[in-house]
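Asker: structure of the sequence below:
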Amino acid sequence: MWIKLADRGFSPVEVTLARLAAGAAVLFAVMLVRRDKVPRSPRLWASIVTAALFANALPYLLFALAEQTVSSSTAGIINATTPLWTVILALAVRHQKSVTRWQAAGLAIGLPGEC
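Answerer: Presented below is the predicted three-dimensional model:
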């Protein structure tokens with residue numbers, strides 16, 4: 001719902017940037033409270049940026065774009081299928097060799113429930 005409201009006054013890129021900036025601000029505040037140090041390794045930062053791009057920035061942008069043409073409830077339902085597609089993708093790329101009983105039960109219940 002908030003994305004749909006934000007899309008009324010901002011572009012999808014601006015909505016995405018705001019979400020990412022707010023999340024980064026919270027994470028840096030937690031680091032300050034815990035007195036953790038900011039990572040310095042360029043290799044670690046490359047991994048963080050890559051993960052953030054595919055796990056946060058791209059999905060956030062795509063949802064902001066999608067909510068310009070679909071309802072918030074439809075976007076929410078599609079977003080709720082993320083764990084189901086994650087298991088299927090992990091099996092498809094052979095990251096995971098087999099499905100556990102719990103995963104099979106989740107897929108058996110979840111996939112028909114989304115149709």
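
Asker: where does the prediction get shaky in this structure?
Answerer: Residue ranges of the chain with pLDDT under 70: 114-115.

Asker: so what's residue 87 closest to, chain neighbours aside?
Answerer: Nearest residue to residue 87, sequence neighbours excluded (Cβ to Cβ, 6 or more residues apart in numbering): residue 103, at 5.4 Å. Using the backbone N, CA and C atoms, a C-beta is placed for each residue, glycine as well.

Asker: what about the one you found, how many residues nearby?
Answerer: The local packing of residue 103 (other Cβ atoms under 10 Å) involves 19 other residues.

Asker: what does the strand or helix carrying it contact?
Answerer: Using DSSP states H and E, residue 103 sits in helix 101-114. For helix 101-114, contacts defined as Cβ atoms under 8 Å, 6 or more residues apart in numbering pick out 77, 80, 81, 83, 84, 87, 88, 99.

Asker: so who does the fifth one touch?
Answerer: Meaning residue 84. Listed by Cβ under 8 Å, 6+ apart, the contact partners of residue 84 are 106, 107, 110, 111, 114.
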